[in-house]
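[1] for reference, the sequence and a predicted model appear below.
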Amino acid sequence: MISSVPSLDHYEKWPNLVAMFFEQAERVGQRPLLWVKRDGLFRSITGRQAAREAIALARGLHRLGVRKEDRVMLVSENRPEWLLSDVAIMAAGGITVPAYTTNTVADHRHILNDAAPVVAIVSTRNLAANLLPAVAETRDPPRMIFIETDCLPYNNLKGISWADVVTEGYGCSDSLTTIKDDDTACIIYTSGTDGAPKGVMLSHRAILFNCMGAFDILNTLRLKNEVFLSFLPLSHAYEHTAGQFFPVSIGAQIYYAEGIEHLAANLLEVRPTIIMAVPRLYEIMRARILRFVKRQGGLRVRLFRRALALGYRRYEKASGLSQEGLSPVQYIADRLLDLLVRHRVAAFFGGRLKALISGGAPLNPDVGLFFTALGVRLLQGYGQTEAAPVISCNRPNDIRLDTVGSPLRSVVVRIAEDGEILVRGPLVMQGYWKQPQATQTTIDADGWLHTGDVGAFDDAGRIRITDRKKDIIVTSGGDNISPQKVESVLTIEPEIDQAIVYGDHRPHLVALIVPDRDFLDSWNRTHSSLETISASHSFREVMKTAIERANKFLSPQERVRNFVIISEPFSVANGLLTPTLKVRRYIVQQIYGSHLDRLYK
């Protein structure tokens, strides 16, 4: 059997993502490459099946008129057809333009007008409901391809089914376009935490370079027969590179989750070896584990706390934060707790996990330490869409949870005089689609990508992120405060689910607080109705106590002095979170700014 795990030099030899996909699909051969649940069971698609369908779809797209550098919009939940469409679009010479499944009609309209795709692929009738009204408003609407046939016909709109395009492709032998490594592979629209999304142009070379960096780091885990569970949106650069093309590049199997609401069950079914996720999901997992242990009570709680305490001590010794390791007695107890506690935690993830990878937003070090102490390796990385997207990551044998690790192989990072992190290398984007001025502002004449993040190197060359440059709060007293640091300390408290701090040009910080849902429900059962609970004086006192606990871990200028409780969580549905669960601060402040301002009166 030919190994599908490449050597490092393969990444430099592959001329483009399409060539990489077809070579790896052939290496996988008749073994499973992709898995999707149908009729209650996960069913496989082999490497050769995937390759045949992708090349047929590419030829079918060519027959529809897709030519070199034409844009093709892709609106779909995570499923095998997402990857096959992506590869086929590029094989036909086109540029993939992914769109979030949570996009509104206005969001789709912006992408359609900006990218001007010649074809749009949509998976389901539900997703077509927001896309097609936007299509109808464009001057030159794209040809529509529907993956699921129940979309046809849709409001009398003419379209073609995915199956028909593939069948057309099987019946022809059109030669496809030659693809160079510096050709644009995709235009990924940023999720817009600070305004209208911009289209980030990423080359084949940039994404392959990112995959090579990931391989260089993770191959220390002895990559072989890896299994990934894809659940973050593939329209985001993090999942697109790290959750799609990197697994393909090592011949891994990709299972497509049924949805975030089924994640816990899918973890047990799939038993992934590597998980890519954003910090918010790790925070949720941590809270669920703590609630589970609390319900167990008694001896199990004491054993769990002891496992955490000894795990913390072991981490501090390994990371050089402390000279004291475990005593002989503690070492024996720690090994016993592997069986009694940590083995049960590992089972929560399916039992064969090699590493959790965190990216897309800053990870609270306490969350990382929690999993590390429980024997679950967690590697925090750092990046942004403009860098394809990974810039740095902790190494499995060199984990410092208060950093995002050292730069990827052959990536150059320096810190500007004002503390901004600058990046240079093949991973840097080609620019913003049709926005030369914004491109020149972000990438200087010497090729340095200005990330907008503030940070520093530690003594081992690892990057420590302070905050987003534009998010830093400067109080009226001149103190520079990282809101993300304060918010991460607040949300560690079990009563607090989400928090946003405020205080630019003000004497001190105040906060918007979203109570934890489970805590809110338990309070509701014993006190008053859910509608009036957030206004309750006694409830406010409980939340005040939680904030005071958090304040003990903050410096005087970072402490929250007053707060507003809001009952509606920040979510993707209400527009206050991006699809990757980052807060849209400017929208939150627009909605709640007057409430926050009154806290200073």
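    Ah, there it is. Residues are numbered from 1 along each chain as shown.
[2] and the nearest residue to G455 once chain neighbours are set aside, what element?
    The spatially closest residue to G455, leaving aside those adjacent along the chain, is I465, at 4.5 Å (C-beta to C-beta, 6 or more residues apart in numbering). C-beta coordinates here come from the backbone N, C-alpha and C atoms, glycine included. Assigned by DSSP states H and E, I465 belongs to strand 463-468.
[3] got it, and L401?
    Per DSSP H and E: nothing holds L401, as it lies in no helix or strand.
[4] look up the pLDDT of the residue nearest to G455 for me, please.
    Per-residue pLDDT puts I465 at 89.
[5] I figured it hits F457, correct?
    No. Counting by C-beta atoms under 8 Å, F457 is not a contact partner of I465; they are 11.2 Å apart.
[6] neighbour count winner among those two?
    I465 (22 against 16; other C-beta atoms under 10 Å).
[7] could you measure from the more buried one over to R205?
    According to C-beta to C-beta, to the nearest Å, I465 stands 26 Å off from R205.
[8] same question, E495
    48 Å.
[9] and P141, by the same measure?
    32 Å.
[10] cool, and R517?
    Distance from R517 to R205, by C-beta to C-beta: 45 Å.
[11] for this protein, what's the longest strand?
    Counting by DSSP state E, the longest strand found in the chain is strand 449-457.
[12] what's that strand in contact with?
    Outside of strand 449-457, the residues within contact range by C-beta atoms under 8 Å, 6 or more residues apart in numbering are 382, 384, 386-387, 391, 415-416, 418-424, 428-429, 441-444, 463-470, 472.
[13] kindly report the same for stretch 361-370.
    Against stretch 361-370 from outside (C-beta under 8 Å, 6+ apart): 278-280, 282-283, 286, 308, 312, 315, 358, 378, 380, 401-402, 465, 484, 488-489, 491-492, 580-582.
[14] mind redoing it with 7 Å?
    Taking contacts as C-beta atoms under 7 Å, 6 or more residues apart in numbering, the residues outside stretch 361-370 that touch it are 278-279, 282-283, 286, 312, 315, 378, 380, 401-402, 465, 484, 488, 492, 582.
[15] ok, now stretch 376-386?
    188, 190, 200, 237, 345-346, 349, 353-359, 363, 368, 371-372, 389-394, 396, 399, 401, 404-405, 428-429, 442, 449, 451, 463, 465.
[16] next, give phi and psi for the residue nearest to K37 when sequence neighbours are not counted.
    Nearest-residue entry for K37: E258, 5.6 Å, with adjacent residues in sequence omitted and distances by C-beta to C-beta, 6+ apart. Main-chain torsions, E258, degrees, to the nearest 10: phi -80, psi -10.
[17] in the stretch 51-200 of the chain, which spans are strands?
    Assigned by DSSP state E, counting those that start in this stretch, the stretch 51-200 of the chain shows strands spanning 71-75, 95-99, 119-122, 143-146, 160-161, 184-189, 199-203.
[18] the ones you listed: which one's closest to L8?
    Closest approach to L8 among these is made by strand 199-203 (19.9 Å; C-beta to C-beta).
[19] so how far is that closest one off the chain centroid?
    17 Å (C-alpha atoms, centre = their mean, to the nearest Å).
[20] that strand - what's its average pLDDT?
    98.
[21] that strand to strand 184-189, inter-axis angle?
    Here the directions of strand 199-203 and strand 184-189 differ by 160 degrees (axes from the mean of the first three to the mean of the last three C-alpha atoms, to 10 degrees).
[22] rewinding a little: list only buried entries from the contacts of strand 449-457.
    Buried members of those, scored by 16 or more other C-beta atoms under 10 Å, are 382, 384, 386-387, 391, 420-424, 428-429, 442-443, 463, 465-469, 472.
[23] in helices, which of the contacts of stretch 361-370 fall?
    Under the assignment DSSP state H, those contribute 279, 282-283, 286, 312, 315, 484, 488 to helices.
[24] would you reformat those residues as a markdown table and include neighbour count and pLDDT?
    As requested, these are arranged in a markdown table below (neighbours: other C-beta atoms under 10 Å; pLDDT from 0 to 100):
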| residue | neighbour count | pLDDT |
| --- | --- | --- |
| P279 | 20 | 87 |
| Y282 | 22 | 91 |
| E283 | 21 | 86 |
| R286 | 18 | 91 |
| Y312 | 16 | 95 |
| Y315 | 18 | 93 |
| Q484 | 19 | 85 |
| S488 | 20 | 89 |
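[25] save the residues you listed as CSV, and put in distance to I565 too.
    Supplementary listing: the ones in helices among the contacts of stretch 361-370 in CSV, determined by distance: C-beta to C-beta, whole Å:
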residue, distance to I565
P279, 23
Y282, 25
E283, 20
R286, 23
Y312, 32
Y315, 35
Q484, 21
S488, 19
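[26] please identify which of those is nearest to Q557.
    The closest of these, once distances to Q557 are taken by C-beta to C-beta, is Q484, at 15.5 Å.
[27] wait, isn't the closest one in contact with D467?
    Yes. Q484 is in contact with D467 according to C-beta atoms under 7 Å; the separation is 5.5 Å.
[28] helix or strand: which one has L290?
    Using DSSP H and E, the element containing L290 is helix 279-296.
[29] report the buried residues of that helix.
    The neighbour-count check on helix 279-296 (16+ other C-beta under 10 Å) flags 279-287, 289, 293 as buried.
[30] how close does S203 get to L218?
    23 Å.
[31] look at V510 and give its secondary structure.
    Secondary structure state of V510, per DSSP: H, G, I helix; E, B strand; the rest coil, is strand.
[32] got the confidence number for it?
    Confidence score, pLDDT, at V510: 94.
[33] kindly report the same for V411.
    Per-residue pLDDT puts V411 at 98.
[34] is it in contact with L427, as I believe?
    Yes. With contact taken as C-beta under 7 Å, V411 and L427 are classed as touching, separated by 6.3 Å.
[35] quick one: which of these two has more around it?
    L427 (29 against 21).
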